[in-house]
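Chemist: Below is the sequence, then the predicted model.
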Amino acid sequence: MRKLILGLAITLDGYIEGPNGEFDWCFTDQDYGLNEFFTEIDAIFIGRKSYEVAQQFAESSSGEAILSMPPLTEYVFSTTLKSVKTGAVLISKDAMAEARKIKEQPGKDIWLYGGAFLTEALMNEGLVDELWLSVHPILLGGGRRLFGQSNDRIQLTLLNSKTYATGLVSLRYSIKKDGN
């Protein structure tokens, strides 16, 4: 079965975006392991808001929503969008059941790119297998947190870590599932 890997930038105080949705605090001076990560995946799960932000960025840049990203099957999870770009797949009904089906299909691993609501739903369903967090050395003090409150503890196992000269720390964890 394919792994679903949550991979994103986060601040030291746990935010994935600032109070106004900004992500200008993210380092872009090097790839921070992203190109290597791209060799492990062939699909991406993305929520409506993150999809719309990525499309706006693509329109204002070289046409790429995420720089240097290879062709991936994009699954856009939304109950409000009526259509997505050519080649992308809109998931608007039975989202968790569809995510399970996609994970069972042959292929490489899947990148859970965002957003917060999709991440929370997939985490609550136990569908996320790994966390790859690029912890940026900044305290935003407000915005959207990656993880909301939960009554459940989730045990993690460190797979690897890397510290960069910029102060960014890349952390990769597997999520312990029942029986592991």
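Modeler: Here it is on my side, so go on.
Chemist: Report the mean confidence score over the longest helix along the chain.
Modeler: Determined from DSSP state H, the single longest helix within the chain is helix 48-60. Averaged across helix 48-60, the pLDDT comes to 81.
Chemist: Next SSE downstream of it?
Modeler: Sequence-wise, the next helix or strand downstream of helix 48-60 (DSSP states H and E) is strand 73-77.
Chemist: ok and that following strand relative to helix 48-60, angle-wise?
Modeler: 130 degrees (axes from the mean of the first three to the mean of the last three CA atoms, to 10 degrees).
Chemist: got the buried residues for the following helix or strand past strand 73-77?
Modeler: Later in the chain than strand 73-77, the nearest helix or strand by DSSP H and E is strand 89-91. Neighbour-count burial for strand 89-91, counted by 16 or more other CB atoms under 10 Å, picks out 90-91. All C-beta spots, glycine's among them, are computed from the backbone N, C-alpha and C.
Chemist: Strand 89-91 pairs with which strands, and in what direction?
Modeler: strand 73-77 (parallel) (DSSP bridges).
Chemist: per-residue confidence at L158?
Modeler: The model reports L158 with a pLDDT of 98.
Chemist: check contacts around M96.
Modeler: Shown in contact with M96 (CB atoms under 8 Å, 6 or more residues apart in numbering): 121-122, 125, 127.
Chemist: so the residue lying closest to I110 once chain neighbours are set aside, which of the three states?
Modeler: Spatial nearest neighbour of I110, excluding adjacent residues (CB to CB, 6 or more residues apart in numbering): A43 at 4.5 Å. Under DSSP: H, G, I helix; E, B strand; the rest coil, the three-state class of A43 is strand.
Chemist: can you count the residues close to A43?
Modeler: 19 (other CB atoms under 10 Å).
Chemist: Enumerate every residue touching W25.
Modeler: 11, 18, 136, 138, 140.
Chemist: ok, so what distance separates the residue nearest the centre of the chain from G142?
Modeler: In the chain, the residue lying closest to the centroid (CA atoms, centre = their mean) is Y113, at 2.3 Å. As judged by CB to CB, to the nearest Å, Y113 and G142 stand 22 Å apart.
Chemist: CA atoms only: put the helix or strand K101 falls within into CSV for me.
Modeler: Assessed by DSSP H and E, K101 sits inside helix 95-104. Output in CSV follows, covering the C-alpha atoms of helix 95-104 (Å, rounded to 0.1, in the frame of the first residue of the first chain):
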residue,chain,number,x,y,z
ALA,A,95,-13.4,12.0,0.5
MET,A,96,-12.0,9.6,3.1
ALA,A,97,-13.3,6.5,1.2
GLU,A,98,-11.7,7.9,-2.0
ALA,A,99,-8.4,8.6,-0.2
ARG,A,100,-8.3,5.0,1.0
LYS,A,101,-9.0,3.7,-2.5
ILE,A,102,-6.2,5.8,-4.0
LYS,A,103,-3.7,4.6,-1.3
GLU,A,104,-4.5,1.0,-2.3
